[in-house]
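Participant: Based on what follows, work out the 3D shape:
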Amino acid sequence: MDVLIVFFLMLCIYFLQRRYLLPSFTHNISSVTENYIDILFITHLLFFGFYFLYTFTSRSDSGEYYRLSVEAQTWRELFVSGTPFVKFVCYPFSHVLGLSFNSVMLIFAFLGFEGMLFFYLAARENIQRLPLVWGGMTILEILFILPNSHFWSGSLGKGSLMTFGIGLSFYGLSRFNRRLPLLVIGAFIVYMVRSHLLLAIVIGVGLGVLFTQKGIKWYFRLALIVFSALTIFIISDNVVEFTGMESLNVFDSKSLDHRVEQLGHGGSGVDIANYSEAFKLFTFLFRPLFVDSPSLLGLITSFENVYLLFLSFRFVLNFPLFWKKSNGFHKAAFFTFLLAAISLAQISGNLGIAIRQKAQIFPLLFLFFAFSFSLSYKQK
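Facilitator: Alright, predicted model coming up:
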């Protein structure tokens, strides 16, 4: 019964946000409509439903997170970086309020939706003219309703928290002089769940600002570079400790090799631990491709990957123009995605884990795909 109450409260929050917050978020984004936000919300709910059914037929960590949060003695003991932080977020709902597993799943799925929404709004703020492609939508709107990111961010787990944290971080970064609190909150969530990805974001932002000559005043550029450098210095030791590596070199770490081997045996899918570095990255980004996974989920993901592979070739051909015209935000997104993809490709032990992890960073890929597309459109 509590799931109906949670669903009703979630709808109330959504419609309040749609009514009062979205206009202030989107006052400079003429092409964002409430109708598309509704489509995005319904799409996310649909794939949450698919994931919920998936938990009954396949092994999922969601039930274990819920059970351990209920059994925890204190909330403070769960305030630890990594997997325990998922239980820390779960604890007030499962242990204190006594909500059912279904209700907590729905709450985490809503956080995943918020992350996708923030990603989309940040992309729209930094991409201007785009041609309509299908059904009154541009390529950006189409990319943001692709299944994979919605499916894996619609669960009780790291996927929803990471999507929310990264989405909030880049929405804050988009107008960092006005949204610093959102940037800090998002970065904190990323740090607590996957600290090595916060390192990728900080380095990516630093590189993006460093290679940008326009759109950012010199004192903002200097402040961001100094902030990035200090953050790297502060969290680098924590990242090494959290990941169990001897250093930040993900290509040469005995303990990381051991962890990858464990992940390779611990999940389902194609074992990628012994692939070359380049093929690991390609596998992480663009597989499965039909023959890898005969399941319905694998088939749907394969169609999505073929589409993204096509857009990647197009982006590579258009890269010189992208680099010339992109601002600091676009470059930060590009470097963050590249660093995060390389890092996660080394850690993912098998294709099943890779599919889940890449869903958290693919909205960044959507962003610079769409920006590249807008540049081609302006040239015509």
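Participant: Need the pLDDT of S236.
Facilitator: Listed pLDDT for S236 reads 52.
Participant: actually G98, not the one I wrote
Facilitator: 89.
Participant: Which of the three states applies to it?
Facilitator: Recorded secondary structure, G98: coil (DSSP: H, G, I helix; E, B strand; the rest coil).
Participant: contacting residues for it?
Facilitator: Residues near G98 by CB atoms under 8 Å, 6 or more residues apart in numbering: none. Yep, even glycine has a C-beta here, placed from its N, CA and C like the rest.
Participant: what are the phi and psi values for it?
Facilitator: G98 adopts backbone torsions of phi 70, psi 30, taken as degrees, to the nearest 10.
Participant: what's the distance between it and T74?
Facilitator: From G98 across to T74, the span is 16 Å (CB to CB, to the nearest Å).
Participant: swap in P363?
Facilitator: For P363, the distance to T74 (CB to CB) stands at 35 Å.
Participant: With neighbour numbers in mind, choose between these two.
Facilitator: Per other CB atoms under 10 Å, whichever of P363 and T74 has more neighbours is P363, with 26 against 9.
Participant: my read is that one is in a strand, agree?
Facilitator: No - secondary structure assignment (three-state DSSP) places P363 in helix, not in a strand.
Participant: let's number from 50 now, not from 1
Facilitator: Okay, residue one is now 50; in that scheme the one you just asked about reads as P412.
Participant: so who does the nearest residue to it once chain neighbours are set aside touch?
Facilitator: Nearest residue to P412, sequence neighbours excluded (CB to CB, 6 or more residues apart in numbering): F168, at 3.9 Å. Residues near F168 by CB under 8 Å, 6+ apart: F193, T212, I215, G216, F219, Y220, P412, L413, F415, L416.
Participant: will you turn those residues into a markdown table that also has distance to N376, pLDDT and secondary structure?
Facilitator: Formatted as a markdown table, those follow (distance: CB to CB, whole Å; pLDDT from 0 to 100; DSSP: H, G, I helix; E, B strand; the rest coil):
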| residue | distance to N376 | pLDDT | secondary structure |
| --- | --- | --- | --- |
| F193 | 20 | 93 | coil |
| T212 | 24 | 93 | helix |
| I215 | 19 | 93 | helix |
| G216 | 19 | 93 | helix |
| F219 | 13 | 91 | helix |
| Y220 | 16 | 91 | helix |
| P412 | 18 | 90 | helix |
| L413 | 15 | 89 | helix |
| F415 | 17 | 89 | helix |
| L416 | 12 | 88 | helix |
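Participant: which stretches of the stretch 150-299 of the chain have low pLDDT?
Facilitator: Scanning the stretch 150-299 of the chain for pLDDT under 70 picks out 262-299.
Participant: Apply 50 and report the result again.
Facilitator: 288-289, 291-299 (pLDDT under 50).
Participant: Can I get the strand or helix carrying S351 as PDB, trimmed to CA atoms?
Facilitator: For S351, the host element (DSSP states H and E) is helix 345-366. Extracted in PDB, the C-alpha atoms of helix 345-366 (Å, rounded to 0.1, in the frame of the first residue of the first chain):
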ATOM      1  CA  LEU A 345      15.700  -9.400 -25.500                       C
ATOM      2  CA  LEU A 346      17.600  -6.800 -23.400                       C
ATOM      3  CA  GLY A 347      20.800  -7.600 -25.300                       C
ATOM      4  CA  LEU A 348      18.900  -7.200 -28.600                       C
ATOM      5  CA  ILE A 349      17.500  -3.800 -27.700                       C
ATOM      6  CA  THR A 350      20.900  -2.600 -26.400                       C
ATOM      7  CA  SER A 351      22.500  -3.800 -29.700                       C
ATOM      8  CA  PHE A 352      20.200  -1.700 -31.800                       C
ATOM      9  CA  GLU A 353      21.100   1.300 -29.600                       C
ATOM     10  CA  ASN A 354      24.800   0.600 -29.800                       C
ATOM     11  CA  VAL A 355      24.700   0.400 -33.700                       C
ATOM     12  CA  TYR A 356      23.000   3.800 -33.700                       C
ATOM     13  CA  LEU A 357      25.600   5.300 -31.300                       C
ATOM     14  CA  LEU A 358      28.400   3.700 -33.300                       C
ATOM     15  CA  PHE A 359      27.100   5.400 -36.400                       C
ATOM     16  CA  LEU A 360      26.900   8.800 -34.600                       C
ATOM     17  CA  SER A 361      30.500   8.200 -33.300                       C
ATOM     18  CA  PHE A 362      31.900   7.900 -36.800                       C
ATOM     19  CA  ARG A 363      30.000  11.000 -37.800                       C
ATOM     20  CA  PHE A 364      31.400  12.800 -34.700                       C
ATOM     21  CA  VAL A 365      35.000  11.800 -35.500                       C
ATOM     22  CA  LEU A 366      34.700  13.200 -39.000                       C
END
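Participant: Alright, I will stop here.
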